Each structure stands twice: as C-alpha cells, then as structure tokens.
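*Asks:* show me how the following folds:
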Amino acid sequence: MSNLQSVVSRNLAQLLDVDRIALDADLSTEYGLTSLNLVLLVTSLCEETGTPVFNFTDKDIANLRTPRDVVTLFAAAGRQEA
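*Replies:* Here you go, the predicted structure:
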C-alpha cells in the first residue's frame, strides 16, 4: 500500500469509525458517507498532505465514489504541484 493510500485509509477509517477500508468500496452505499463527510475527508487530507484545498473543484469532490478515487485525485494534485 502506498503512503497516500495509507493516509486516505487512515483518515477515512477515523471519520467513519471503522477498522478497515476497502479501496474499491462505494463511499456512499457501503460506508454511508455523506457529501459533508466527503468535504471533511478532503479537508483533513489536504491538511495532512499539505495540498491546497483550492486545487479541487466542487465537481472533483462530487465525483469521488471510492477511496481509490480519493487516492487518485490527491496523487494527481501532487503531480500538478511538482
């Protein structure tokens, strides 16, 4: 598991109060994540990774369906900053 995957999994597990996160699970149907929870997740990940939150649009966040999507979004943001 990559460092970014670990960060996403850990933050999501804390937010949802669960022990394990499946990278391809649906955030809404399998974990019950609301749009507010998703914004909180992205905000906490931005703080932890040093990624400016303004790197992401509302559409970027709304299109996040799985933890893997979150990892991909943050990985792409990291590449853009470099």
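*Asks:* tell me the confidence at S2?
*Replies:* In this model, S2 is scored at 77, pLDDT.
*Asks:* so it versus G32, what's the distance?
*Replies:* Using C-beta to C-beta, to the nearest Å, we find S2 at a distance of 26 Å from G32. Where you see a C-beta, it was placed from the backbone N, CA and C, and this is true even at glycine.
*Asks:* and the most centrally placed residue in the chain, what does it touch?
*Replies:* Geometric centre of the chain, nearest residue: V70, 3.7 Å, by C-alpha atoms, centre = their mean. Neighbouring residues of V70 by C-beta atoms under 8 Å, 6 or more residues apart in numbering: V8, L12, L41, V42, L45, L64.
*Asks:* among these, which one sits closest to A22?
*Replies:* The closest of those to A22 turns out to be L12 (C-beta to C-beta; 10.3 Å).
*Asks:* L41 is in contact with that closest one, correct?
*Replies:* Yes: shown here, L12 and L41 form a contact pair, counting by C-beta atoms under 8 Å, at 6.1 Å.
*Asks:* where exactly do the strands run in this protein?
*Replies:* Here the chain has no strands by DSSP state E.
*Asks:* pLDDT weak spots in this protein?
*Replies:* The model of the chain has pLDDT under 70 over residues 1, 80-82.
*Asks:* give me the contact list for stretch 29-39.
*Replies:* With C-beta under 8 Å, 6+ apart, stretch 29-39 has contacts from L12, L15, L16, V18, A22, A25, L27, S28, L41, I61, A62, L64.
*Asks:* out of those, what pair is the most spread apart?
*Replies:* Across the contacts of stretch 29-39 (C-beta to C-beta), the longest gap, 22.7 Å, separates V18 and A62.
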